[in-house]
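[1] need coordinates for the below:
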Amino acid sequence: MQLSQDQLSMLMPAVAQSNIVNIDLSSSELGDAGVLIDFQYAQNRSLSSINVSDNQISDAGLMSIAAYFPDVGMKELLLSGNDFSAVGLRALTNVTIESLGLSGCGIDDAGLEIVSTMLETIQSLDISFNNITSAISLAYIPHILNANFLNFRILTH
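    Okay, the predicted model is just below:
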């Protein structure tokens, strides 16, 4: 279902005033502009899980997301199926995230290197179906194993 920016602008203030814990806006064709509207209201302290998978989010959208959570943190942030680079991922390094879904996001070796700097707080990480080479993936396995993951999934193409 595609949400217009007007619909999103009406929905998110209500979410911000509620005790909603999880919000799933996956496959809503938000794009970067929609994510900006979404996350302007997402500082609801009870909101701990956001799914914006498959929303045509690029580096700019990822930077907007990160800008709204530097002090709050997230239990779960699902971004799978969007397309961003190491530039966008770098913005997330200041956000505490317990579970991070990055499947099919076009992440390459440089992106994996940035994700590896976030391993201290991440308990569940999905970086499957990205553009990561086997050699670089193997180099980060020791860091990943030392991070006490509850769940980890990596598949190379």
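
[2] surely residue 129 and residue 104 touch.
    Yes. Counting by CB atoms under 8 Å, residue 104 is a contact partner of residue 129 at 4.3 Å. For every residue, glycine as well, the C-beta is placed using N, CA and C.

[3] averaged pLDDT, stretch 104-111. What do you get?
    For stretch 104-111, the mean per-residue pLDDT is 90.

[4] now that stretch: buried residues?
    104-105, 107, 109, 111 (16 or more other CB atoms under 10 Å).

[5] one more: stretch 49-64?
    49-64.

[6] got the end-to-end distance for that stretch?
    Terminal residues of stretch 49-64 are spaced 16 Å apart (CA to CA, to the nearest Å).

[7] chain center to that stretch, what's the gap?
    When distances are taken as CA atoms, centre = their mean, to the nearest Å, stretch 49-64 is centred 7 Å away from the chain's centroid.

[8] repeat that for stretch 117-131.
    10 Å.

[9] check stretch 91-99 too.
    On CA atoms, centre = their mean, the centre of stretch 91-99 falls 8 Å from that of its chain.

[10] likewise for stretch 73-87?
    With CA atoms, centre = their mean as the basis, stretch 73-87 stands 2 Å off its chain's centre.

[11] and that stretch, what's buried?
    Across stretch 73-87, burial judged by 16+ other CB under 10 Å covers 74-82, 84-86.

[12] what's the most distant pair in the buried residues of stretch 104-111?
    104 and 109 (16.3 Å; CB to CB).

[13] what about residue 128, how many neighbours?
    Number of residues near residue 128 (other CB atoms under 10 Å) recorded here: 17.

[14] go on, residue 36?
    The tally of other residues near residue 36 (other CB under 10 Å) stands at 19.

[15] next one: residue 68
    Residues within reach of residue 68, counting by other CB under 10 Å, total 17.

[16] relative to residue 61, how far out is it?
    12 Å (CB to CB, to the nearest Å).

[17] and what of residue 12?
    15 Å.

[18] how about stretch 14-23: buried residues?
    15-16, 23.

[19] which one of the residues you listed sits closest to residue 90?
    Distances from residue 90 to the buried residues of stretch 14-23, taken as CB to CB, are shortest for residue 23 (24.8 Å).

[20] just checking, the closest one touches residue 46?
    No. Shown here, residue 23 and residue 46 do not form a contact pair, counting by CB under 8 Å, at 10.7 Å.

[21] find residues that contact each of those two.
    When CB atoms under 8 Å, 6 or more residues apart in numbering defines a contact, no residue borders residue 23 and residue 46 alike.
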